[in-house]
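Peer 1: Give me the fold of what follows.
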Amino acid sequence: MSISNNRDTLESGDVLESIPHLARQMVDAEYAALAIMDDDGRVVKFITSGIAAEVRDSIGDLPKGKGLLGALHAEARSIRIPDISQDSRSVGFPRNHPPMGSMLGVPIVGSGGVLGNLYLTNKSGKKEFTEHDQRVVEAFAKYAATAIENDSLRIEAEEERGRLRAMIDSSAAAVIVADARDGRVVLSNQEAARMMGRTFRAGESKEGYEQAVVYRRADGGVYETKDLPLQQALKDGTVSRGVEVTLNLPDGREIPTIVNAAPVYGEDGEITAAIAIFEDITALQEVERVKAEFLSMVSHDLKGPLSGIKSMASALLMEHGPRDIETILEYLTSIDEETDRMTELVGNLVDMSRIEANAMPMDPEICHLADIVDESVRRFGRSRLGGQQRINVDVPLELPEIYADYDQVGRVITNLLSNASKYSSQGTEISIKAYLDSDEGATIVTEVRDEGVGIPDDEIDKIFDKF
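Peer 2: Predicted structure coming up:
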């Protein structure tokens, strides 16, 4: 809600502000006011003319719509009286209100009903307003209704533009909108500035935003300006979907993107603008690259145990193969170990798929970390890597119990032990230590340490990368 005091000029250029001023001049009134109502009849805006700003401020809150003001709104017809104080519907004036005698009140009716009211008081040089004054203001009220409705549409349009602007600015994709007349930038968002390494100014020429970046096709060729998706949309309405465009920026960065572009049509069917949306696919390409490397690694790792199983099985089946029980058992043990390796690799692949799909089953229960570690050490000892290093366990029984998935936590510890063993020399020590860290909110910290080669400093940040 707002209260406004119109100066006796039209410097503000606000149409609504001018309405009470013009009405006051038409009928020679000392004071005038425009009240704009909401759908429930509450005053949401009250604009005065003829009352000094300091007087308006001293009066206080908006009118409540009682007394004559309420009657005018309820009856939705003009009221003309010689003396406000003598009218039975009057409830008086608030403190600091200037004295008022004669009054002319006219409702402002729009297409959807009463939009507000015009109030004029103190007819200059006469006791009361005339019928002619009433007809003049009633005619003027039709103009005021149009102005109020247009102002409401303007506010709605500004709010809609604001919402659209907020949506575009919060978009994870870069957005650029260009004018069809000359290709100048109409709108761009923060992601466009981040991706392109510069801010796009409204009204910037197409040469400014196109020549600052080298746009490359999927085959490495350079786009001509006229062939860019945005320019194609502006020129002939071409809709582009999923076009691969690599941006070569002045600072040396290279950003792969997927571009969608489309024209924007006006009511006459002509193209008025075009929009281009750039989606940075750097992370997606990196995931695909890592996946390819991972699959290559898995293929290599599976090939090893498969080759071992094949060669040992073939040797056992050969006519002149080993016949003594010790050698046969040795071969069978190796086959069993290689099968375990394959089972572990396949299991990891299945778990990876479940984790990616957020479908990894969990079965939490009350348990103790000492039991989990003890079982993990025994499981590791039975594996092909077990027995190569000394295992030192320091998990106090005084630690509180935890609510966790017993098997999954055990797998984590077993994997850490296996990794420590792979990169440590035989005869060295691997230690498992657990303790309560009160600084982290009563968190139990479990550490697995080895005496191996360690992790290079430039690789530490990649430990928890996918794959």
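
Peer 1: Just give me the longest helix of the chain.
Peer 2: Using DSSP state H, we find that the single longest helix of the chain is helix 131-169.

Peer 1: Buried by neighbour count: which residues of that helix qualify?
Peer 2: By 16 or more other C-beta atoms under 10 Å, the buried positions in helix 131-169 come out as 133-134, 136-138, 140-141, 144-145, 147-148, 151, 168. (C-beta placed from N, C-alpha, C; glycine too.)

Peer 1: wait, which of those residues is closest to Ala192?
Peer 2: Ile168 (9.4 Å; C-beta to C-beta).

Peer 1: got the contact list for that closest one?
Peer 2: Contacts for Ile168 were tallied using C-beta atoms under 8 Å, 6 or more residues apart in numbering; they are Val175, Leu187, Asn189.

Peer 1: right, and out of these, which lies closest to Arg42?
Peer 2: Distance to Arg42 across the contacts of Ile168 (C-beta to C-beta) is lowest for Leu187, with 36.0 Å.

Peer 1: returning to that earlier point: mind putting the buried residues of helix 131-169 into CSV with distance to Gly221?
Peer 2: Formatted as CSV, the buried residues of helix 131-169 follow (distance: C-beta to C-beta, whole Å):
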residue, distance to Gly221
Asp133, 77
Gln134, 77
Val136, 73
Val137, 71
Glu138, 71
Phe140, 67
Ala141, 67
Ala144, 62
Ala145, 61
Ala147, 57
Ile148, 58
Asp151, 53
Ile168, 30
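
Peer 1: okay if I get those as a markdown table plus distance to Asn96 and pLDDT?
Peer 2: Shown next, in a markdown table, are those (distance: C-beta to C-beta, whole Å; pLDDT from 0 to 100):
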| residue | distance to Asn96 | pLDDT |
| --- | --- | --- |
| Asp133 | 28 | 93 |
| Gln134 | 29 | 92 |
| Val136 | 31 | 93 |
| Val137 | 27 | 92 |
| Glu138 | 31 | 92 |
| Phe140 | 29 | 92 |
| Ala141 | 29 | 90 |
| Ala144 | 27 | 88 |
| Ala145 | 31 | 89 |
| Ala147 | 30 | 86 |
| Ile148 | 28 | 85 |
| Asp151 | 29 | 82 |
| Ile168 | 48 | 79 |
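
Peer 1: Distance check, Asn415 against Pro263.
Peer 2: Using C-beta to C-beta, to the nearest Å, we find Asn415 at a distance of 55 Å from Pro263.

Peer 1: the more surrounded of the two?
Peer 2: Each of Asn415 and Pro263 has its neighbours counted (other C-beta atoms under 10 Å); Pro263 has more, 20 against 15.

Peer 1: was I right about the more buried one contacting Gly237?
Peer 2: Yes. In terms of C-beta atoms under 8 Å, Pro263 counts as a neighbour of Gly237; the distance is 4.4 Å.

Peer 1: who touches both of the two?
Peer 2: Common contacts of Pro263 and Gly237 (C-beta under 8 Å, 6+ apart): Ile271.

Peer 1: quick one: low-confidence ranges for this protein?
Peer 2: For the chain, the stretches with pLDDT under 70 are 1-13, 62-65, 203-211, 319, 321-322, 356-357, 440-441, 465-467.

Peer 1: what domains does the record give for it?
Peer 2: Split into domains by automatic domain parsing, the chain comes to 2-162, 171-280, 285-356, 364-462.

Peer 1: Could I get the full set of helices for the stretch 151-300 of the chain?
Peer 2: Along the stretch 151-300 of the chain, the stretches classed as helices by DSSP state H, counting those that start in this stretch are 190-196, 206-210, 229-236, 282-317.

Peer 1: Report the next helix or strand after the longest one in sequence order.
Peer 2: Just to be clear, that refers to helix 282-317. Of the helices and strands lying after helix 282-317 in sequence (DSSP states H and E), the nearest is helix 325-356.

Peer 1: I'd like to know which elements the helix or strand following that following helix is packed against.
Peer 2: Scanning forward in sequence from helix 325-356 by DSSP H and E, the next helix or strand is strand 364-367. Packing contacts for strand 364-367, counted by 3 or more C-beta pairs under 8 Å, 6 or more residues apart in numbering; DSSP states H and E, involve strand 402-405.

Peer 1: Return the strand it packs on as CSV; C-alpha atoms alone will do.
Peer 2: Output of strand 402-405 as CSV, limited to C-alpha atoms (Å, rounded to 0.1, in the frame of the first residue of the first chain):
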residue,chain,number,x,y,z
ILE,A,402,26.8,-47.2,16.0
TYR,A,403,23.7,-47.4,13.8
ALA,A,404,25.0,-48.5,10.4
ASP,A,405,25.0,-51.2,7.8
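
Peer 1: Who are the packing partners of that strand?
Peer 2: strand 364-367.

Peer 1: how about the strand it packs on: buried residues?
Peer 2: Buried, per 16+ other C-beta under 10 Å, within strand 364-367: Cys367.

Peer 1: Which is the succeeding secondary structure element to it?
Peer 2: Later in the chain than strand 364-367, the nearest helix or strand by DSSP H and E is helix 369-381.

Peer 1: So which other helices or strands are in contact with that following helix?
Peer 2: strand 390-394, helix 406-422, strand 429-437, strand 443-449.

Peer 1: what's the closest of the buried residues of helix 131-169 to Arg390?
Peer 2: Closest to Arg390 out of the buried residues of helix 131-169 is Ile168 (61.7 Å), distances taken as C-beta to C-beta.

Peer 1: if we can go back for a sec, go through the helices and strands packed on helix 369-381 and pick out the most buried.
Peer 2: When you average the neighbours per residue for each of those (mean count of other C-beta atoms under 10 Å), helix 406-422 leads with a mean of 18.

Peer 1: could you give the angle of that one to strand 443-449?
Peer 2: Using axes from the mean of the first three to the mean of the last three C-alpha atoms, to 10 degrees, the inter-axis angle of helix 406-422 relative to strand 443-449 is 30 degrees.

Peer 1: quick one on the thing from earlier: now flag whichever of the buried residues of helix 131-169 is closest to Val346.
Peer 2: Ile168 (46.4 Å).

Peer 1: start to end distance for stretch 355-367?
Peer 2: One end of stretch 355-367 to the other measures 23 Å (C-alpha to C-alpha, to the nearest Å).

Peer 1: chain center to that stretch, what's the gap?
Peer 2: 29 Å (C-alpha atoms, centre = their mean, to the nearest Å).

Peer 1: Then stretch 307-316?
Peer 2: Put simply, stretch 307-316 sits 57 Å off its chain's centre (C-alpha atoms, centre = their mean).

Peer 1: Could you do stretch 128-145 as well?
Peer 2: Centroid separation for stretch 128-145 versus its chain: 51 Å, with C-alpha atoms, centre = their mean.

Peer 1: For it, which outside residues touch it?
Peer 2: 19, 22-23, 26-27, 29, 34, 78, 80-83, 102-104, 106-110, 115-116, 118, 120, 123.

Peer 1: What subset of those residues is buried?
Peer 2: With burial judged by 16+ other C-beta under 10 Å, the buried subset of the contacts of stretch 128-145 is 19, 22-23, 27, 29, 34, 78, 80-81, 102-104, 106-110, 115-116, 118, 120, 123.
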